[in-house]
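1. Predicted model follows, preceded by the sequence.
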Amino acid sequence: MRVAIHLPEHLRAGDVLARSARSVLTLAVDVRTGEQVAVKTLLPGAWLSGAELRQLSAAVARSLRPLRYLHHDCLASTREVLLANGTCHVVRDFVHGRSVAEMVERDGCLDPHLALRLAREIAGALDALARVGSRHGALTPQNVFLGSDGHACITDPGFTAESCAFRLAGARCRLECADAPENDIAWLAALTFHMLTGEWPITVDGSVVRAYHLPPHVRDAIYCGLGADYRRFRTASAFAEALTTGGLRLGAAPLLRPAAATGLVGAIAALGVPGAPSAERSPTPAPAAVVVAPAPDPLADLAPDDVRALRGAVRRLGPAVLANPAVATALGLREDQRREVARYLERQREQVERMVVAVSEGNGGDTAATMEAIRGSARDHILGLLDKEQALRWSALESDMNGTYHEALGTAGR
């Protein structure tokens, strides 16, 4: 559905630069000064009433207005935060340059020296936001630019994070993405990995651990920044400093993207099967013993870190995690199975959206029972698609029966 955007009177709208489910970014001219600006406008969600949209817009405006007084060389300055035409408009500097997304799409990845320099500059801007009690909340390749002056510039701080929290039918709600980083340091770690490899690290694969082409200190810093260990970095600048500790040892050769950085199974180095050690010869023959072979481990071909990550994702998302390409590859799903998983999850999303609309109109009924029925139906349908071998691997991921085996392996693959 296309929504007409009406900007405040002193802004003359030009081209639409970007659009998402929650906002639209418009190139505009401030008729008072003749300057080009970018305007981010909050879109009305179909599930929000007019009053709820006005309430959300006011909350976003209150949160973002202090940013008008924050100026940093690597941050697109916020000029105005306006409430007009029933929604919120954030007016900022228009950035002349190329986004990280554009550069990665064109070149596959960034020059490592440029990538780490941009990470340092971005970290300084994130620390400036933190000092005023704010955060970016959505540091994606689309809103980080290499400006025409040769320096990093990040845009739209706080907008996505603040617009995700709203009230619906009187209840506090928040839109969340299961694979989204939880804090600005994690966002910076993910973005740095993306700039160096061209891939976006997801929480359920081993791409960072297996990115052997990166120097160990770079890989370790990104791994810690993405996980619970991010607290070891007191600031974003401390994370950026860890990326360069010991010097950049990437050499002059272009940074390659081996299979180690492209997915869960593709990231796992081929593990040779060691031969069984020969038994020590005893001077006196021992009586033959009957040996009962243990049941084969269906996850034996996966590294311990990958198994732990997969189990965490299965606990959080259930069968819906099979929509992730890395997980689907780990379980050996065929193309027709993947298509059916995607089709059914899309149908499930439509059911949930209809339920949300019904709740907003006061016709929700027993939503808990409805959600439970939707989840149960999805589980039965998706798991019913698996063949015997895939079902064994799924069962091993759902249980901790084989955990002791993988724990005994330690971190040999790291």
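-> Ah, there it is.
2. Only C-alpha atoms from now on, for both contacts and neighbour counts.
-> Will do.
3. domain ranges for the protein?
-> The record's domain parsing of the chain by automatic domain parsing lists 11-264, 304-409.
4. which of these sits most buried?
-> Among the domains of the chain, domain 11-264 has the highest mean neighbour count (mean count of other Cα atoms under 10 Å), at a mean of 19.
5. So what does A138 have for phi and psi?
-> Torsion angles at A138 (phi, psi; degrees, to the nearest 10) stand at phi -160, psi 70.
6. Now do the same for it: its pLDDT.
-> Confidence at A138, expressed as pLDDT, is 86.
7. Report the rounded mean pLDDT for stretch 70-80.
-> Taken as a whole, stretch 70-80 has a mean pLDDT of 92.
8. actually stretch 89-109, not the one I wrote
-> 92.
9. Give me the distance from that stretch to the chain's centre.
-> Its chain's C-alpha centre and that of stretch 89-109 lie 18 Å apart, by Cα atoms, centre = their mean, to the nearest Å.
10. Can you give me the end-to-end span of it?
-> One end of stretch 89-109 sits 33 Å from the other (Cα to Cα, to the nearest Å).
11. secondary structure class for C88?
-> Using DSSP: H, G, I helix; E, B strand; the rest coil, the secondary structure recorded for C88 is strand.
12. so how far is D220 from it?
-> Distance of C88 to D220, computed by Cα to Cα: 40 Å.
13. And D127, by the same measure?
-> In terms of Cα to Cα, D127 sits 21 Å off from D220.
14. Hmm, T41 is touching L25, no?
-> Yes - between T41 and L25 there is a contact under Cα atoms under 8 Å: 6.5 Å.
15. gap between the helix or strand W187 falls within and the chain center?
-> For W187, the host element (DSSP states H and E) is helix 184-197. How far helix 184-197 lies from its chain's middle: 10 Å, per Cα atoms, centre = their mean.
16. Which other helices and strands does the next helix or strand after that helix contact?
-> Moving toward the C-terminus from helix 184-197, the next helix or strand (DSSP H and E) is helix 216-226. If contacts are counted by 3 or more Cα pairs under 8 Å, 6 or more residues apart in numbering; DSSP states H and E, helix 216-226 sits against helix 184-197, helix 236-244.
17. what mean pLDDT does the first one have?
-> What it means is helix 184-197. Mean predicted confidence for helix 184-197 is 92.
18. Please enumerate residues in contact with that helix?
-> Outside helix 184-197, the residues within contact range by Cα atoms under 8 Å, 6 or more residues apart in numbering are 100, 104, 108-112, 115-116, 119, 122-123, 126, 135-141, 181, 199-201, 208, 221-223, 225-227, 230, 235-236, 239, 255-257, 261.
19. sorry, back to before: right, and the helices and strands packed on helix 216-226 - which one's nearest T370?
-> helix 184-197 (34.4 Å; Cα to Cα).
20. wait, which of the domains of the chain is closest to I5?
-> For the domains of the chain, proximity to I5 was assessed by Cα to Cα; domain 11-264 is nearest, at 7.9 Å.
21. ok, P8 - how many residues close by?
-> 14 (other Cα atoms under 10 Å).
22. For it, which residues are in contact?
-> A84, N85.
23. ok but it is inside a helix, no?
-> No - P8 is assigned coil when assessed by three-state DSSP, not a helix.
24. could you pull out the helices for the chain?
-> Secondary structure of the chain (DSSP state H): helices at 50-64, 100-107, 112-131, 159-163, 184-197, 216-226, 236-244, 264-267, 304-317, 325-331, 335-360, 367-383, 388-398, 403-409.
25. Against which helices or strands is the second one packed?
-> Applying 3+ Cα pairs under 8 Å, 6+ apart, one finds that helix 100-107 makes contact with strand 144-147.
26. Direction included, what does the strand it packs on pair against?
-> Strands that pair with strand 144-147, judged by DSSP bridges, come out as strand 97-99 (antiparallel), strand 152-154 (antiparallel).
27. what would those look like in a markdown table with distance to V81?
-> Formatted as a markdown table, the strands paired with strand 144-147 follow (distance: least, Cα to Cα, whole Å):
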| stretch | distance to V81 |
| --- | --- |
| strand 97-99 | 24 |
| strand 152-154 | 17 |
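28. and of those strands, who's closest to D380?
-> Nearest to D380 among those is strand 97-99 (42.5 Å), distances taken as Cα to Cα.
29. what does the closest one rub up against?
-> Contacts for strand 97-99 (Cα under 8 Å, 6+ apart): P141, Q142, N143, V144, F145, L146, G147, S148.
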